[in-house]
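*Asks:* sequence? don't have it. structure:
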């Protein structure tokens, strides 16, 4: 399993000689299975079966609050944290990312989709060490200005570039 975390910057819109944030940035988290097409070949990403969830600024704090310094405590760590996301179409399933601490200085990141009939499907999970979780947190911390649109404060040319890149 491969975990890919990709920040997407805010998009800007022009209004009466000024620019404002038209669409907030977000972080795309992909769970991509790795397959081995032939016996002696290397593993490759199975892009068709990847699972994706969008993490907005509202939910970023849940990832940043994960504590990788203390040991597992079954009373407070068994439940974990949940991030939910549903696309603009109400028929789309609700995508859920669950992050919970497990014994052995690890976290389990689990992904699932909840449909209209409350059935859970497309379940996948990945165990991450505390160091890997800390790396994810650092990436997200450095992405916050990009998500909020602050990256253009000292470089206004970013606004024109961002409208053509994404």
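*Replies:* Thanks, I have it. Remember, it's a predicted structure, so these values are computed and weren't measured experimentally. Numbers count the residues shown, from 1 in each chain.
*Asks:* ok, which stretches of this structure are strands?
*Replies:* According to DSSP state E, the chain carries its strands in the segments 2-8, 11-15, 18-23, 26-32, 34-35, 44-45, 51-55, 81-85, 94-102, 106-114, 120-129.
*Asks:* Export the ones you listed as TSV, with columns for mean neighbour count, distance to residue 75 and mean pLDDT.
*Replies:* C-betas here are computed from N, CA, C, even on glycine. Formatted as TSV, the strands of the chain follow (neighbours: other CB atoms under 10 Å; distance: least, CB to CB, whole Å; pLDDT from 0 to 100):
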stretch	mean neighbour count	distance to residue 75	mean pLDDT
strand 2-8	14	28	91
strand 11-15	14	44	78
strand 18-23	13	41	77
strand 26-32	19	28	92
strand 34-35	11	35	88
strand 44-45	12	38	88
strand 51-55	18	27	92
strand 81-85	15	16	90
strand 94-102	19	12	91
strand 106-114	18	17	91
strand 120-129	13	21	90
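*Asks:* any chance of those strands in TSV, with distance to residue 151 too?
*Replies:* As requested, the strands of the chain are arranged in TSV below (distance: least, CB to CB, whole Å):
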stretch	distance to residue 151
strand 2-8	10
strand 11-15	11
strand 18-23	11
strand 26-32	14
strand 34-35	33
strand 44-45	29
strand 51-55	18
strand 81-85	23
strand 94-102	25
strand 106-114	27
strand 120-129	27
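*Asks:* closest one to residue 148 among those?
*Replies:* Residue 148 lies closest to strand 18-23 among those, at 7.6 Å (CB to CB).
*Asks:* Direction included, what does that closest one pair against?
*Replies:* Sheet pairing for strand 18-23, assigned by DSSP bridges, gives strand 11-15 (antiparallel).
*Asks:* who touches the most centrally placed residue in the chain in this structure?
*Replies:* The centroid of the chain falls nearest to residue 29 when counting by CA atoms, centre = their mean (3.3 Å). By CB atoms under 8 Å, 6 or more residues apart in numbering, the residues touching residue 29 are 3-6, 52-55, 97.
*Asks:* quick one: contacts for the closest residue to residue 42 other than its chain neighbours?
*Replies:* Excluding the flanking residues, the one nearest residue 42 by CB to CB, 6 or more residues apart in numbering is residue 36, at 7.5 Å. For residue 36, the contacting residues are 42-44, by CB under 8 Å, 6+ apart.
*Asks:* For residue 126, state which of those is nearest.
*Replies:* For the contacts of residue 36, the nearest to residue 126 is residue 43 (14.8 Å; CB to CB).
*Asks:* Name the single longest helix found in this structure.
*Replies:* Taking DSSP state H as the criterion, the chain has its longest helix at helix 130-148.
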